[in-house]
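Asks: What follows is a protein structure lacking sequence information:
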Ligand code: G6P
């Protein structure tokens with residue numbers, strides 16, 4: 001996601017801030033900005049695109065050698081509002097007094113913005129971030145100190161944040177705070193660097209103090225005071241830790257590959273995709289992005305989902321979710337096929353496109369074709385401001401953060417999260433009961449923890465990878481919700497390990513592909529204890545009779561499968577409709593370890609590109 005750097009100390013701030021931004025580039029971003037303070041005068045620079053562009057602009061303005069010793073800087077990966085100079089951080093209040101950088105999402109920014117606007121505050125960006133800095137300025141008007149105004153403003157925020165802010169009137173310190181978005185302070189000799197990530201700091205110091213959720217810090221060149229946001233006046237003592245990693249290790253957060261890191265970000269991908277969009281206890285789902293077409297959606301009687309690759313498999317699960325919960329007929333059409341068929345629409349048809357990058361040419365072609373025909377087009381996209389996000393009628397962002405590994409993982413799970421919530425939303429407009437909604441949402445709330453419990457058992461996947469890595473083909477089977485998981489599991493294995501994976505509906509396997517099976521053709525069978533379990537079990541018997549080795553994904557405690565399968569991977573009990581989130585994670589861990597053991601470049605598989613912008 002976005003990156004934060006703040007500096008105060010004996011050195012000139014500008015080079016330190018720019019160096020920090022460069023070290024954060026690996027995280028992915030679409031604009032960058034910096035603000036420095038010299039003798040109560042703030043100079044701010046913002047540019048869309050690379051940090052290099054920003055550097056050039058600063059050089060042209062003759063400010064590379066500025067004497068400022070305090071400043072804040074940011075690389076932004078758009079979440080609210082397109083990538084533009086107006087939306088890039090640092091953001092300031094109307095009077096240019098406070099300059100603030102923020103990572104995360106402020107859930108209640110719309111309410112806060114409304115209140116502030118009604119009291120006469122003028123906004124200059126589309127971001128959720130700007131409300132924070134405007135709030136601080138507003139609280140200062142009420143006579144509070146900078147430190148107190150910051151605290152009062154924080155207490156009004158709901159959501160995730162790492163924040164650093166400076167005040168033009170108080171150049172002796174920066175204020176920082178953290179809630180569910182990392183922030184740390186590098187402690188140097190007569191200098192401090194606040195950053196979202198240690199890689200921005202290690203060039204200057206290896207001594208780091210980590211802020212915890214719910215804490216704020218007052219950071220001066222030679223002092224640091226940490227307190228709880230909720231409680232003024234009680235200083236928390238925190239020793240600095242010494243980090244012993246180099247920058248490249250830190251970028252991957254200790255993981256060998258970005259894909260591995262991204263698999264481990266899956267629990268937070270679920271949280272981020274759902275953040276602020278549902279209240280389980282009330283059975284409520286809402287999306288800011290589709291509010292304006294709420295009544296149109298009520299009239300929709302047919303949905304086509306179009307996407308490519310992994311996103312198309314998310315779409316397939318979306319079909320199951322929407323048909324089951326909303327009762328609207330859905331069909332999934334691969335992007336490259338949609339355009340060249342003669343898809344039949346009525347004015348009550350809607351097209352939903354799903355895309356991580358928002359740039360896939362085949363998916364974009366589907367959007368344009370549907371718009372040409374005048375039907376409603378809704379996008380489920382990760383990259384804010386991407387072409388698809390801009391061209392659809394309205395959309396829902398998945399907020400998975402940048403995905404660097406070419407093979408998609410956390411983006412898929414975030415797409416599933418949004419599709420499930422959308423299915424519930426459409427269902428609530430129709431026949432879905434509030435009680436059933438509450439039950440599913442309550443399980444969705446538990447999901448991050450259950451995903452974590454699988455990640456803790458990663459070594460099982462590693463063990464199986466060792467056992468199966470030398471086979472040349474494998475089938476992936478599942479019924480109902482587990483069928484798209486089978487397709488996605490097979491695709492992941494193909495993409496990164498170059499082993500042929502064949503994803504198939506378990507019940508259909510006997511009509512042909514079963515001919516392939518023998519003891520050299522293993523089967524990865526996904527059969528949780530759901531309403532099709534007994535049927536799947538019969539298919540498993542057919543496979544065992546052909547001597548194929550079997551890995552089975554089952555629901556915890558399933559003793560009978562322990563006997564039938566050669567190897568078993570367990571998922572925790574959960575509502576049937578949520579089982580794909582858990583079983584997919586096992587297929588990812590398995591594929592990852594197979595590829596890793598084969599010493600392949602997991603993040604950059606041969607012949608593949610992260611974003612395919614050709615037809
Ligand atoms: C490429 C990538 C796949 C991805 C597909 C769709 O083929 O290699 O991992 O699933 O594009 O990408 P999108 O960005 O539209 O989700």
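Replies: Looks like it arrived, so ask away. Please read all numbers here as calculations on a predicted model, not as lab measurements.
Asks: Tell me which residue in the stretch 101-250 of the chain sits closest to the ligand.
Replies: Distance from the ligand to each residue of the stretch 101-250 of the chain (C-beta to the nearest ligand atom) is smallest for residue 105, at 21.0 Å. C-beta: built from backbone N, CA, C; applies to glycine.
Asks: strand partners of the one helix or strand residue 101 maps to, parallel vs antiparallel please.
Replies: Here residue 101 sits within strand 98-106, counting by DSSP states H and E. Partner strands and pairing direction for strand 98-106 (DSSP bridges) are strand 91-92 (antiparallel), strand 159-167 (antiparallel).
Asks: Could you check how far it is from the centre of its chain?
Replies: 18 Å (C-alpha atoms, centre = their mean, to the nearest Å).
Asks: Report the buried residues of the helix or strand following that strand.
Replies: Toward the C-terminus, strand 98-106 is succeeded by helix 109-118 as the next helix or strand (DSSP H and E). Neighbour counts over helix 109-118 (16 or more other C-beta atoms under 10 Å) mark 109, 112, 113, 116 as buried.
Asks: what's the third one in contact with, if anything?
Replies: Read it as residue 113. With contacts defined as C-beta atoms under 8 Å, 6 or more residues apart in numbering, residue 113 is in contact with 123, 130, 131.
Asks: For the nearest residue to the second one once chain neighbours are set aside, give its distance to residue 3.
Replies: Ranked by C-beta to C-beta, 6 or more residues apart in numbering and with sequence neighbours excluded, the top spatial neighbour of residue 130 is residue 91, at 4.7 Å. Distance, residue 91 to residue 3, by C-beta to C-beta, to the nearest Å: 15 Å.
Asks: Ok, residue 431 next?
Replies: Residue 431 sits 46 Å away from residue 3, going by C-beta to C-beta.
Asks: Check residue 409 too.
Replies: From residue 409 over to residue 3 the distance is 21 Å, taken as C-beta to C-beta.
Asks: coming back round to it: how many residues are close by the residue lying closest to the residue of the stretch 101-250 of the chain closest to the ligand once chain neighbours are set aside?
Replies: Once flanking residues are discounted, residue 105 sits nearest to residue 159: 5.1 Å by C-beta to C-beta, 6+ apart. Number of residues near residue 159 (other C-beta atoms under 10 Å) recorded here: 16.
Asks: Pairing partners for residue 159 in the sheet, please.
Replies: On the basis of DSSP bridges, residue 159 is bridged to residue 106.
Asks: hang on, isn't it packed against residue 103?
Replies: No - contact status for residue 159 versus residue 103: not in contact, 11.1 Å apart, counting by C-beta atoms under 8 Å.
Asks: who touches residue 292 in this structure?
Replies: residue 394.
Asks: The residue most central in space within the chain: which element?
Replies: For the chain, the residue sitting closest to the mean C-alpha position, by C-alpha atoms, centre = their mean, is residue 400 at 1.2 Å. In this assignment (DSSP H and E), residue 400 forms part of neither any helix nor any strand.
Asks: okay, it: pLDDT?
Replies: Note for residue 400: predicted pLDDT of 92.
Asks: and the closest residue to it other than its chain neighbours, what is it in contact with?
Replies: On the basis of C-beta to C-beta, 6+ apart, the spatially nearest residue to residue 400 that is not a chain neighbour turns out to be residue 414, at 3.9 Å. By C-beta under 8 Å, 6+ apart, residue 414 lies in contact with 269, 270, 272, 273, 382, 398, 399, 400.
Asks: and the second one, which of the three is it?
Replies: Under DSSP: H, G, I helix; E, B strand; the rest coil, the three-state class of residue 270 is helix.
Asks: give the contact list for it.
Replies: In this structure, residue 270 makes contact with 413, 414, 417, 444, 447, 448, 451, 581, judged by C-beta under 8 Å, 6+ apart.
Asks: again, 7 Å this time
Replies: If you count contacts by C-beta atoms under 7 Å, 6 or more residues apart in numbering, residue 270 has them with 413, 417, 447, 448, 451.
Asks: what does the fourth one give?
Replies: For residue 273, the contact set (C-beta under 7 Å, 6+ apart) comprises 398, 399, 400, 414, 417, 418.
Asks: a strand runs through the fourth one, doesn't it?
Replies: No - secondary structure assignment places residue 414 outside any strand; it is helix (three-state DSSP).
Asks: Mind pulling up the pLDDT for it?
Replies: The per-residue pLDDT reported for residue 414 equals 98.
Asks: Look up how far the ligand lies from it.
Replies: 11 Å (C-beta to the nearest ligand atom, to the nearest Å).
Asks: Would you mind measuring from that residue to residue 239?
Replies: Separation of residue 414 from residue 239 (C-beta to C-beta) stands at 36 Å.
Asks: How about the last one?
Replies: Counting by C-beta to C-beta, the gap between residue 418 and residue 239 amounts to 41 Å.
Asks: chain center to stretch 572-582: distance?
Replies: Distance of stretch 572-582 from the chain centroid (C-alpha atoms, centre = their mean) equals 20 Å.
Asks: What's the mean pLDDT across that stretch?
Replies: 98.
Asks: and the end-to-end length of it?
Replies: 8 Å (C-alpha to C-alpha, to the nearest Å).
Asks: which outside residues touch it?
Replies: Stretch 572-582 is contacted by residues 317, 321, 324, 413, 416, 439-440, 443-444, 447, 450-451, 453-454, 481-482, 484-485, 528, 530-531, 555-556, 571 when judged by C-beta under 7 Å, 6+ apart.
Asks: For residue 233, pull up the helix or strand it's in.
Replies: Assigned by DSSP H and E, residue 233 belongs to strand 231-236.
Asks: Output the contacting helices and strands for that strand.
Replies: strand 223-228 (3 or more C-beta pairs under 7 Å, 6 or more residues apart in numbering; DSSP states H and E).
Asks: and the strand it packs on, which strands flank it?
Replies: In the sheet containing strand 223-228, its partner strands are strand 215-220 (antiparallel), strand 231-236 (antiparallel), by DSSP bridges.
Asks: Can you say which of the ones you listed is packed in most?
Replies: Sort the strands paired with strand 223-228 by mean neighbour count, taking mean count of other C-beta atoms under 10 Å, and strand 215-220 sits at the top with a mean of 21.
Asks: which SS state does the closest residue to residue 494 other than its chain neighbours fall under?
Replies: Leaving aside its sequence neighbours, residue 494 sits nearest to residue 501 (C-beta to C-beta, 6+ apart; 4.8 Å). With three-state DSSP as the basis, the three-state label of residue 501 is strand.
Asks: Does at least one residue of stretch 479-492 sit close to the ligand?
Replies: No - judged by C-beta under 6 Å from any ligand atom, stretch 479-492 makes no contact with the ligand; its nearest approach is 8.2 Å.
Asks: average pLDDT for stretch 69-78?
Replies: When the per-residue pLDDT values of stretch 69-78 are averaged, the result is 95.
Asks: just stretch 335-342 next, same as before
Replies: When the per-residue pLDDT values of stretch 335-342 are averaged, the result is 87.
Asks: What are the contacting residues of it?
Replies: The set of residues external to stretch 335-342 that reach it, using C-beta under 7 Å, 6+ apart, is 306, 307, 308, 360, 362, 363, 365, 366, 369, 615.
Asks: In PyMOL, how would I select just the buried ones from the residues you listed?
Replies: Selecting the buried subset of the contacts of stretch 335-342 in PyMOL, with 16+ other C-beta under 10 Å as the burial test, is done by:
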select buried, resi 306+307+308+360+362+363+365+366+369
